[in-house]
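Q: Dropping a prediction and its sequence here:
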Amino acid sequence: MTIKKYGLVIAEKSYGESDKILTLLLKNFGKLKVYARGAKKLSSKFFAASQIFSCSEFVISKNKDFYSLSQANLIENFAPRSYTEFCYATYFCELVEKFLSFQSVADNILLLLIKILKLLPEISPVYIARIFEFKFMQLNGFEPQINFCHACNCMKNKMYFDSDGLVCENCLDRTKIFCMILDSALIFLRAILSTKFNELIDKTEIFSHELIAPSRVFISANLDLNLNSKKFIYQIENFSD
């Protein structure tokens, strides 16, 4: 059986001296692990297309439950240009890789990830990260309540944010993870969840940092994922504060 799909390398792992195991996110197919023989060699026909953040047309052979790369035509490489960009790009890919199940079609996630990687060199990483995080959660069925308290349906001057979204002080469960959310951050969050991706790029970036804590709360409370890249993002964003 042969599979020909457009996709993105979202993770790579060395296998032996010269081979790799690639994790691909493929259009109309989903996440897939593929063996790439000799991909670590500079002379390999797979070398360029087997790098993380590379977008290619892949031809994959299947033998029972084993997938191997037969051909790869590189279309575009979104390799980051700086340490900060690399940390964020790795974080985005790792979040997708760790959350998605194998061979479950996720074309909206693939499109979002490619758009984000393209724009990362041009836009504040903190800003683009908040858009990615909440859009990613929304596309996977995790959408916070952002219009009123999720417990009592009221709206007060001082509001908090937890695993379900907005919550007032009277309904706040202090045994669970939460944070305060400012009105300006809430306006930005509403824009993210209600606006098309392309239209968000022209929005102001000044409230990006105010959504850092709510995004961390929401993702940590809803996704039980151990992300190696998260600590680097926290260091960058804590320092930038």
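A: Looks like it arrived, so ask away. Residues are numbered from 1 along each chain as shown.

Q: Toward the C-terminus, what is the element adjacent to the longest helix that the chain contains?
A: Using DSSP state H to define each element, the chain has its longest helix at helix 83-99. Once helix 83-99 ends, the next helix or strand along the chain (criterion: DSSP states H and E) is helix 107-119.

Q: Check which helices and strands that following helix sits against.
A: Here helix 107-119 touches strand 2-15, strand 19-26, helix 83-99, helix 125-139, going by 3 or more CB pairs under 8 Å, 6 or more residues apart in numbering; DSSP states H and E. The C-beta positions use only the backbone N, C-alpha and C, and glycine is treated the same way.

Q: Output these in JSON lines; the columns should cover mean neighbour count.
A: Listed next are the helices and strands packed on helix 107-119 as JSON lines, based on neighbours: other CB atoms under 10 Å:
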{"stretch": "strand 2-15", "mean neighbour count": "17"}
{"stretch": "strand 19-26", "mean neighbour count": "23"}
{"stretch": "helix 83-99", "mean neighbour count": "20"}
{"stretch": "helix 125-139", "mean neighbour count": "21"}
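
Q: Tell me, what's the model's pLDDT at Lys203?
A: You'll see Lys203 listed with a pLDDT of 57.

Q: err, Asp65, not the other one
A: 81.

Q: That one: how many residues sit nearby?
A: The tally of other residues near Asp65 (other CB atoms under 10 Å) stands at 5.

Q: measure it to Gly7 for me?
A: Using CB to CB, to the nearest Å, Asp65 is found at 19 Å from Gly7.

Q: just Val34 next, same as before
A: Separation of Val34 from Gly7 (CB to CB): 10 Å.

Q: Pull up the overlap in contacts between those two.
A: With contacts taken as CB atoms under 8 Å, 6 or more residues apart in numbering, Val34 and Gly7 have 24, 58 as neighbours in common.

Q: next helix or strand past the helix or strand of the chain with the lowest mean pLDDT?
A: Every helix and strand in the chain was compared by mean pLDDT, DSSP states H and E; the lowest is helix 197-200, with a mean of 77. Proceeding C-terminally, helix 197-200 gives way to helix 212-222 as the next helix or strand, assigned by DSSP H and E.

Q: distance between that following helix and the chain's centre?
A: How far helix 212-222 lies from its chain's middle: 14 Å, per CA atoms, centre = their mean, to the nearest Å.

Q: Good, we can wrap up now.
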